[in-house]
Each structure stands twice: as C-alpha cells, then as structure tokens.
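**Student:** Mind folding the following:
(2 chains)
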2 protein chains.
Amino acid sequence: MTTEQPGNPMPVGVTRSKYSNRVVLKTILERSDGGLELVGMRVVIGGWVKASKEVTKEPLPPLPPPSRPPPPQQKADDGIGETEPKDSSCMEILQSLIPCLRSIMKGLGFHGNYKLRKSSKQLITTPLPPLPPQPPSSPSSLIAFLQVSDGSCVASLQVVVDSSIAPLSQLLHIGTCILVEGLLGKPSVEGKHVIELKAEKILYIGTVEHDKYPLSMKKLPIERLRDYSQFRPRTTTVASVTRISNALTLATHIFFQHQGFLHMHAPVITTTDCEGFTEKFQVTTLLDKVDKMEKPNTVMETEGVSLEVIKSAAKEKTMLVEELKRSGSNKEALAAALVDLKKTNELASQFEAREKSKSETSLLKAVKLNFSEDFFSCQTYLTVSGRLHLESYACALGNVYSVGPRFRADCAGNVAERSVIEIEMTFSQLEDAMSCADDFFKFLCKWVLDNCPEDMKFVSKQIDKTCIDRLQSLISGKVEKISYAETVDVLGKVEDKKFEIELKWGSALTAEHLSYLVEVIHKKPVMIYNYPKEVKPFYARLNDDGKTVAAFDLVVPKARTLISGSQNEERLDILSSRIKELGLPREQYEWYLDLRRHGTVEHSGFSLGLDQMILFTTGLSDARDVIPFPRSYARADN
Amino acid sequence: MTTEQPGNPMPVGVTRSKYSNRVVLKTILERSDGGLELVGMRVVIGGWVKASKEVTKEPLPPLPPPSRPPPPQQKADDGIGETEPKDSSCMEILQSLIPCLRSIMKGLGFHGNYKLRKSSKQLITTPLPPLPPQPPSSPSSLIAFLQVSDGSCVASLQVVVDSSIAPLSQLLHIGTCILVEGLLGKPSVEGKHVIELKAEKILYIGTVEHDKYPLSMKKLPIERLRDYSQFRPRTTTVASVTRISNALTLATHIFFQHQGFLHMHAPVITTTDCEGFTEKFQVTTLLDKVDKMEKPNTVMETEGVSLEVIKSAAKEKTMLVEELKRSGSNKEALAAALVDLKKTNELASQFEAREKSKSETSLLKAVKLNFSEDFFSCQTYLTVSGRLHLESYACALGNVYSVGPRFRADCAGNVAERSVIEIEMTFSQLEDAMSCADDFFKFLCKWVLDNCPEDMKFVSKQIDKTCIDRLQSLISGKVEKISYAETVDVLGKVEDKKFEIELKWGSALTAEHLSYLVEVIHKKPVMIYNYPKEVKPFYARLNDDGKTVAAFDLVVPKARTLISGSQNEERLDILSSRIKELGLPREQYEWYLDLRRHGTVEHSGFSLGLDQMILFTTGLSDARDVIPFPRSYARADN
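**Tutor:** As a prediction, this is how the structure comes out:
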C-alpha cells in the first residue's frame, strides 16, 4: 500500500479489506445507524469521486434555524448517468483562479466557516477536529466536498478535504480516484448524510483527463454507456446491476449445491450443434495464419466511390426533405428534393447489391480452406447450449448444473454471448424439471430481495417502480401451468385484441401472444408445456400423441421467456428418427446417441439466461445494458 | 417418475432427491454407521450397475464359521477403469441358458440359500424378508448381486435382485441403469458392505449393448477413457475428479464472496489480446456462410491416389517386417521387405510435402475474406485471459473475480480450453496479490480435505498415495517467497545437477528448474516474484530497476505453476511505452489505456487454472483427464 495503516484499532464491525489497508465503504454506510457509532474513528478509504463541490471558508453571522438553506445536494447517485454539478468550462476558469482566490481570502483572514462557491448560500457546519500537522504556511481557505464510491454499495461517503492538505483541483473531477485517511464525524452540513470523513491525508490520487472522460457528461443515458463499457460500472446503475448479477450467480450455486447438484464446466468449443437451427460462430486458427500472410480488406470500395459516400448523401437529402416539410415552404422545392432523394436511394441500393455479389465472389474464392488442417482437424463452433454435454455427466452422476457463456450468431439486436445457467437431472420427468425451475426462479427472486435491498431500492427508484413488488408477489404466488394446446385455445377466443400474427396450432408463440397471456389473462408467470415438436429442439421427449414434446417455458410478465426446459428423449429409436426427420448430421450425434444405447435413463433439465433474469429483476429492457461487455454490434475496443 | 413413492415415511437423515422420487445413495452410504440404522426401511434408489454377480439358490448344510469362504468381491470401484468380473463371451452363453437353468432348479426344488454361479463357493446368508406379492408361478432360483452407483459418492450400494421380479440378464451388464424399490437390510453375505438393498420392484431398466459398451472392457487405462468422454464420469476416478472439481469451484465462490469480491462474467469473445504472444482461436461467421455455398475438401487427394492409401500401405509393410523379424525366417525376404518399406515411406513423405505446399497455396487464395462483413465487423478471438476486462470492473467496484473458460491454441499436448479463476483487486500491490493467492490456495486445499474425504481417500489409494499428506502439510506450512534474482542465484550454485537449459538472468524458468527448486531445495511451495519484464505480459507493473516487473508465480511440488499474478501497471506513460516496445497493436488497447487516463489506481490480481489445481489435488498428471471433455486433439464426436 501507499501508506501504513494508522495505529488506532479498527472499530468493531468495520472490516478492513484483507488485501489492502482500506476500509470497504459498505461496512460504514450500510450499518443500521448509518455509521453514527463510528464517529471519531480514524480510517483509510478509497474510491472514485462521483460528485463534488468546492466551498470557501468565510466568517458569517449565525442564521436562525428556520431560514437554514438546504445543504449542497450531490446528485451523482440519483440518475442512470452521472450528474455533473459544475459547468465544466466554468470550472476550468474557476480552478485557474484558485491560487488567486486563496491568497485573497487568506489576506482577508477568512476561516472557520465554509461558503458554497459560485453561490452565496450559507452552510451551517460543525467545526472540524484539529487537523494533523500541516505546513504552517498552507492556505486553508478552500474546502472540497467529495462524494466517494468504492462500488461496494449504492451510497457514497462524503469526504471533506481542506485545500491545505491536497491540491483540490486534482480531486474535484468526477472519476478521480483517491485513497484517503481521515476521521469519521457528523456531517458539517445537515443533509442526507449521517456521517462524513474529514480527510487528514490524501494518500493517493488518480487524476482524470476531465474533457475526455465520458462520465463527466451530464445524465448520460444508459444506452450511450454501451460505447464506454470500460467505465460503465462506475455508474450507480451498472454497479447495482453488477451486484445483483453477483447475487444471482451466488444464489444459483447455493440453490443447486443445496439440492446436491454437482457443478461442471460444459465445453465452449464443440462440434455438436445442440439445437440444429441456430446460426453459429466458428472457431478456427486457419484465418490467423492467413491473416499473417496478407492483410484482408476491411473497407469496401468500388471504382473510387464508396457506398458510405452515397449513404451519407442519402442521409443529408432525407434531412433536407424533412426540413422542407417542416418549414411548409416551397412545394416545388420539396417535390424536387423528393425526386433527388429517391434517385440517391436507388443508387445506394444498386451499389449495395453490387458490393454484395462482389463480396460473395470473394467468399467463394475462400472456400479452399482445409479444415483437416485446422486446430481440431475439423470444423468447430462456439456452443449454443451445454445441455447435451451436461447429459453425459448427469447420466453418471445424477444431477448436474453449469454456469457459463453460450453463443448465438442469429440474435439481431440482442447479445451474441450470454451467461447461461443449465441443469440436467436423471431419474426425472417433465414435471420434475418444471417443479425445479419454479423453485429455482422463486429462490433467485427471494435471494435478491434479501441480499440486495439497497440495490433493489435504487433500481426501483430509477428504473422500474414495480420491481420490488413484482418479485415479492412472485415469491408467494403460484405459477400457472397450462399446456400449449390450452394456450392456443385461450388466445383463439380473445375478442378484444387482434394479434399481428394469428395463432394456429403448431406455430411458435410470439412476444405479443405471451405478453397478452401473462399480463392480461393470467396476470402472473405462466409455465407453458407440451409444445408441438416443430418448435422445440430435437432432443425434447416425444409425447404419446406423436405431435407434441415434453418441453416447457416459464413466461413472466413483460413477455420474457425466462426458463426453457424439457424432458429429454431417452429412447434410442425415437431420438434417431428425430435426428433423421430434421436432417441433422447424424455423425455429430453418435456420442449423444451412445448415452441411449448404454444405460439410458429418464432425465430432464432446463436453462435460464442470466441476462434475462437481471432484466426481469431490475426492470431494464435491453440485455446489452446488463452484460459486462456489449456483444451484439461491431466494436473494436472491447 | 415411473412410479409413486411408497407410503412409509423416509427415515430421518435420508433425503429423497427433491425432483425425483429416489433416495440419493450418499445419504445412505456416507452415514457414520454406514447405514446400519436404516435396516428395515423401504426406499427407491436409482443408478448404474458398476459390477455384478449372479448366483443360484440351493439348499446347503451350514458350514462351521472358521471355514467360511470369502464373499464374492465386486471390484468395480477399486480401479481407475471399470473391472468386468465376467468373461463376456462366457456370460452370453450362460445367459442364454438361464431359462433352462431356472426350470431345472425349480424342478429340483432349490430355494432358501444362494450359490455363486460358475463356482462351487458357498455363501452364508441371512434370509431375505418376505418378498412382496409376486406371480406365484415365477421361478425364483437365481439371484443377482448388483453394485449400483448413482455418482453421489465413491461407494456403491449392493442391490440383491431375485430373478422372480425381473429378467436378470438385462440387469447384469456393467453400465445398466436401474431404478429399484426395496428394503434396506444387513447384507446376505459378509463382506465390505454394511447394508444392502433387497429389491422388491424394478421400476425401470436402461439396458446396455454389452459388446459395444467401452466400459465393459477390463481396467481401461485413464488415457484410453479420453476416447469415450461421454462415459468417463461413470468411472469411479472421473466421478471423484468431478466431485473434487465441484468442491473447488464452490470453494472459490465461498472464499471470494466472503472477502467481499463481486463475481463477473468476463467476455469470451474479444478483440483484445491479453498477453500479446499467444496463438489464438479466431471466432467468425464467415466460414459458415462459405461452407453453405461449397463443401470444403476434408480429405486430401491427388491424381487419384490419396495419402491415406500410401500411409496404410506403409503400415502393412511395417507389420510384415516385424512379423519376418519375429519368426526369424528367411533373411533375404526380410531385406527385400525392408527396402520395400523404405521406398513406401519415402513416397509418403514426398506426397505429404506436396500436399502441404498445395494446401498452403489454397490458404493464400482464401485471403479475400472480408472481416468487415463478419459478425462483429472485425476480427475477434477467444479470450486468453479475462484479467484486462476484470480490471475495468475492479476500477469501479473494488475487488472482482471470474470463473470461466480461457483459450490457448499454442499448448501442444495440453488442453486448449480450460476453466480459469481470475481475480483483480484495486488499492492493492504485489504483496497483497501474493498474500491473497497464498490464502486462496490454502483455503482450496483445506476445503477439499474437509468436504471430499471419501474422494480423497479414493484418489490417494488409486492414484497418488501422498496427496492427502501433501495437502495437509501445505495448509499448516508457510509458502517460501523468493525473488527471481535469488532463484537464478540459488540454481546457479547447484553443483549436483546439470540442467538441460542453463539458467541465465532474463530467461524463463523451465519445468526442470522449478522442479529442483521446490522439490530438492525448498521441499515446499515457493512464490517467485519480480520477474524480468521479458518473460511476463505487458501489463505487469515495471519495478524501479526498469528491468523487472511486479509479477509472481506460485510453484508447487511436481513443478507446476498453479497461480500466476502481478501488480498491474497503473501509470499511463509506462504502460504506453511497454505496448510500443512489444509492438502490440495500440488501437486494441485504447480502452484499457483509458482506465489509466481517468481515475487510475494501484491494483493487482492473479489467475489459477482449475485443471492444474485438480491435478495437484488428485495426483493425476494430464489435464486432459480432468477437464470434462478433452480439448487438445482432433475428435469429431464431442
């Protein structure tokens, strides 16, 4: 560490982080008394500045209590984005003035009380305890109030720094990292804080290039944060999401370990396609060798004119048309602009088609890659689901589960890489899997409410007011179980709503259908089971009717399918026919069929996408905002 | 379930698996009394037959106790591979005779006592409790003793099945799955079993195609099992390894959650190369598109003659030469055969070289793949390490950890996909990471000893007699910490041993050096720190000497580097220079450099390969035997 831990012992219940000498803020701020009993303790804390104010000290007559002005509000923790309480250009100017202001105020003998800079609002304070030895000549006319978060909890600690102990200009920027030693005391200003830290020594500063730091911007909407995934967890929202995600992962291990399941790591690189109808990512070392020989084209260009140029022209012309429409002016100009726009769009389409066929030709040239020379001597893919591999462990060890990344390349607008929890149980049937899914889902809901109360309060305030109630009602309520056939029947009788896609037996249920089912008809989570075999993977067990399979989905309000599961086909002959029926490459599945040839067993399981569970818990709506690094669109920086 | 749970209540402490009606064997067999107090209880259990014997009943005069013959030993749990107590061709013949034997013995009125089939050894038994209702005419002259395992523990339960309740021929094969209801009782034969199950109803049978089931083979060595990874966990060794792996994963979560770390899922698909010098797997959807257009060549063929044909001819000729050598006959014939073999081998080499150059040409043709059209619009890879991504979370939330798959394509003879535990801590330095690694390592050792005593006893008996003592001595002992410079110094003074590669300052330590250091010199785990910058990743923090970096390795007896860690460079200028020095593509690391531009902090972390930890714990020596599916060589079936 940069410094030695000060001599006095740590107060009871305040745990020092074992592998650094700082005290974790959660242990101060999440005490039942808000930390009051710690007043007078000396601690070292570290974290990042989430909001700041600078005030000057000046002697002022005491004001009568009723007219006490509100304390300076530090708003950084209230929004999805960071708030920036200072106008950044203003601040720069003011900061450049600090040395001047200091000497002026020192000359005027200002000290003892604080005054909010940039305003005349007066602050009532309690006097600071005597400062530790400091250079006798240091000017002590400025004070910084910093809201510091270390990510351990929603709340920030207010840290009060006198300009005599550190250059405040370095500390005030949002995102600055500090390690500070000081005394815990009652706040100098009445407000939302129960306790604050009066800094005695700044042990470390990690500065910010203020004009380039993305979180300096005011109220950055959460979708913009995807472009700055390296900094996202510094926002209160993404930090809360991460803590909730952590709680859900831990709860998963606790639930399944308690039920006697064994954890296993299902392989990510596979030659077996679990579902047979998903677009997959291929894994190869061949391209890397190719790449080292010759650099591939990365930008399409034809005869000196690029598609980008045409597209950008089309965009400009669209804006012109809109502007002309809005202003309601010259109709002829508008007509001409419309014709021009149409032409440009046509050109762009032609261009695009040509580029496409060109690139297809170049792809055809690439066919000669010899996969027998690839790392695994064959084509390998990123796994879509680990359930088939889990089966081989379940068919020896009973009940197993896995928590790991799964991949889909066909999820437009969604995420390509997701953390998925998968389980497989032997000697069990469809209803066992449904019952386990129900218990697991409720356990997760209860765990988050019990273990992340502050985070849930925060997301409930900022994102979705109903999220706590929703979880609570689920824990006590009963999940409705209805068959696919009943679902089609019930939705077919709906008269007050016309669905975009008419539902017929055999077709997949759309988000619209599911939404109506759980939000309008049942008003609670629904488990739909016995789906037509066409809409479920080949391994789902065929029911006696020969048409449906023993598969189920848990659908929750907001029309999300949280859990998908099935009893899997244990009969060799039927599984073989299903593979044939669907035209799947049988040689890929021989090892899987082996499990039916030798000691086959009734078994069932399910999978739950962690990202969907986080969305359901927090009320957020886009999975890209809850996975650690957005993975659905092209970015070169993470 | 196939059946309803019988009416009588479950005995105290015997827990029924919540999502199936069977009782997990661990709760019967791992009781302190071995299950004795459960005598008389009726339970349903399920599992796979690991060994079996069939006996006939016949009336015999009681023998005096001293001359009691040994009970039939079921050896399936003793070896790495499965034991097969029956000669399989013999068994087939005997099985075909069962109906005959039954009617003969019934005619002779044999009943009451059992006789081992295929031998005249007499078994002393206690009488079975009255059987539940059975067809009055059913022949009850044969009895099967099945050792059944459900994967919950090392031990198997002995299940005794009378031929009157099920066709024994279906049950006897190793690997058969059964679900059985019966009464727990004292064993009918004295032996290693404290308790056995007298079957009353066979509720389910999953048969085995005996001649094709790989685990029917006697004592399959563990490396052969890699070819049957779908069945491996049915062996006692791989089942124990899986339970130990499960314990290590759980212990990891418990350790870090207890220390206040947050779990995060570091991305698997990445554009950032964490180490800069590893061969990587590329992730793409381009090849899949190509594949759909034209099938790539998977077998090399030229002018009608394939390399395979020549190779197979060479093999035949080699066998001929060996045969001639063995028989010691005609010397001229041997000489001629040798010349012929040499020619064929030369031809094969030429052919191989030509094919290789041909395929290199075809690789060159493949260059025109346009990565801007790939899924992420750029080249993406499978991550080598998640530590860089963990940093961005640590630099907001304090301490984080991750458990997930990591990939290397340059690990000849090793595994390409491994589960790795990675951690990152902010406000911490090299010694903090070293101290955390030390604690974590010891916690894992202690956890396995405390929670997997039976599995450790088994691996200690079967694989490595020293493994329990090794773990125990580590828990109490102190890890030696020495710098790289001291290590070079100490090893340079060694006189009784000549190393294959001479150690000079600046070079990497080889397995031979490490082995001598921990096994001969220190005789305990050693942490080596302050390595030359050349042998560690670019992000390790440069020490003041400008030559070494704040990185460390934990090396344990058997010369394995279990943990690698470092304090990471928090200074922007130095990190930038390191990236430049190593010629890494800077644009890949801009997001990572951003963490230094804005609120940088001292931080450190480490990684531990779960496979290496399992090898260390169990005494196994090849990582392919401890990861769920072998991943280092080409196989198309998993």
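
**Student:** Contacts (any at all) between chain B and stretch A:583-591?
**Tutor:** Yes: using C-beta under 8 Å from any C-beta of the partner chain, stretch A:583-591 reaches chain B at A:587, A:588, A:590, A:591. (C-beta placed from N, C-alpha, C; glycine too.)

**Student:** for residue A:196, which residues make a bridge with it?
**Tutor:** Beta-bridge partners for residue A:196, by DSSP bridges, are residue A:158, residue A:185.

**Student:** before we move on, back to that, between the residues of stretch A:583-591 next to chain B, which has the most around it?
**Tutor:** residue A:591 (22 neighbours; other C-beta atoms under 10 Å in any protein chain shown).

**Student:** ok, it touching residue B:230?
**Tutor:** Yes: with contact defined as C-beta atoms under 8 Å, residue A:591 reaches residue B:230; the gap is 4.6 Å.

**Student:** picking up where we left off before, ok, so of the residues of stretch A:583-591 next to chain B, who is nearest chain B?
**Tutor:** residue A:591 (4.3 Å; C-beta to the nearest C-beta).

**Student:** tell me which residues in the helix or strand hosting that closest one are buried?
**Tutor:** Using DSSP states H and E, residue A:591 maps to helix A:590-597. For helix A:590-597, a neighbour-count test (16 or more other C-beta atoms under 10 Å in any protein chain shown) marks A:591, A:592, A:593, A:594, A:595, A:596, A:597 as buried.

**Student:** again with stretch A:314-322
**Tutor:** For stretch A:314-322, using 16+ other C-beta under 10 Å, the buried residues are A:314, A:317, A:320, A:321.

**Student:** quick one: residue A:381 and residue B:280, what's the gap?
**Tutor:** 16 Å (C-beta to C-beta, to the nearest Å).

**Student:** Now do the SS call for residue A:144.
**Tutor:** strand (DSSP: H, G, I helix; E, B strand; the rest coil).

**Student:** Pull up the gap between residue A:282 and chain B, please.
**Tutor:** 5 Å (C-beta to the nearest C-beta, to the nearest Å).

**Student:** How about residue A:537?
**Tutor:** Distance from residue A:537 to chain B, by C-beta to the nearest C-beta: 18 Å.

**Student:** Could you do residue A:221 as well?
**Tutor:** 19 Å.

**Student:** quick one, domains of chain A?
**Tutor:** A:26-61+A:70-220, A:232-283+A:377-478+A:572-625, A:286-293+A:306-368 (automatic domain parsing).

**Student:** what's the helix or strand for residue A:530?
**Tutor:** Going by DSSP H and E, residue A:530 is in strand A:526-532.

**Student:** re the thing from before, so of the domains of chain A, which one's packed in deepest?
**Tutor:** domain A:232-283+A:377-478+A:572-625 (a mean of 21; mean count of other C-beta atoms under 10 Å in any protein chain shown).

**Student:** any idea of the mean pLDDT in that domain?
**Tutor:** For domain A:232-283+A:377-478+A:572-625, mean pLDDT is 91.

**Student:** Next, the distance between the ends of that domain.
**Tutor:** 9 Å (C-alpha to C-alpha, to the nearest Å).

**Student:** how about the residues of the stretch 51-200 of chain A near chain B?
**Tutor:** A:150, A:151, A:152, A:175, A:176, A:177, A:179.

**Student:** Closest one of these to residue A:514?
**Tutor:** residue A:151 (36.0 Å; C-beta to C-beta).

**Student:** who's in contact with the closest residue to that closest one other than its chain neighbours?
**Tutor:** Distance criterion C-beta to C-beta, 6 or more residues apart in numbering or on different chains; nearest residue to residue A:151, sequence neighbours excluded, is residue B:397 at 3.2 Å. Listed by C-beta atoms under 8 Å, 6 or more residues apart in numbering or on different chains, the contact set of residue B:397 reads A:150, A:151, A:152, A:233, A:239, A:242, A:243, B:262.

**Student:** Please tabulate those residues in a markdown table and include secondary structure and distance to residue B:210 as additional columns.
**Tutor:** Shown next, in a markdown table, are the contacts of residue B:397 (DSSP: H, G, I helix; E, B strand; the rest coil; distance: C-beta to C-beta, whole Å):
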| residue | secondary structure | distance to residue B:210 |
| --- | --- | --- |
| A:150 | coil | 62 |
| A:151 | coil | 59 |
| A:152 | coil | 59 |
| A:233 | helix | 56 |
| A:239 | helix | 58 |
| A:242 | helix | 53 |
| A:243 | helix | 54 |
| B:262 | strand | 51 |
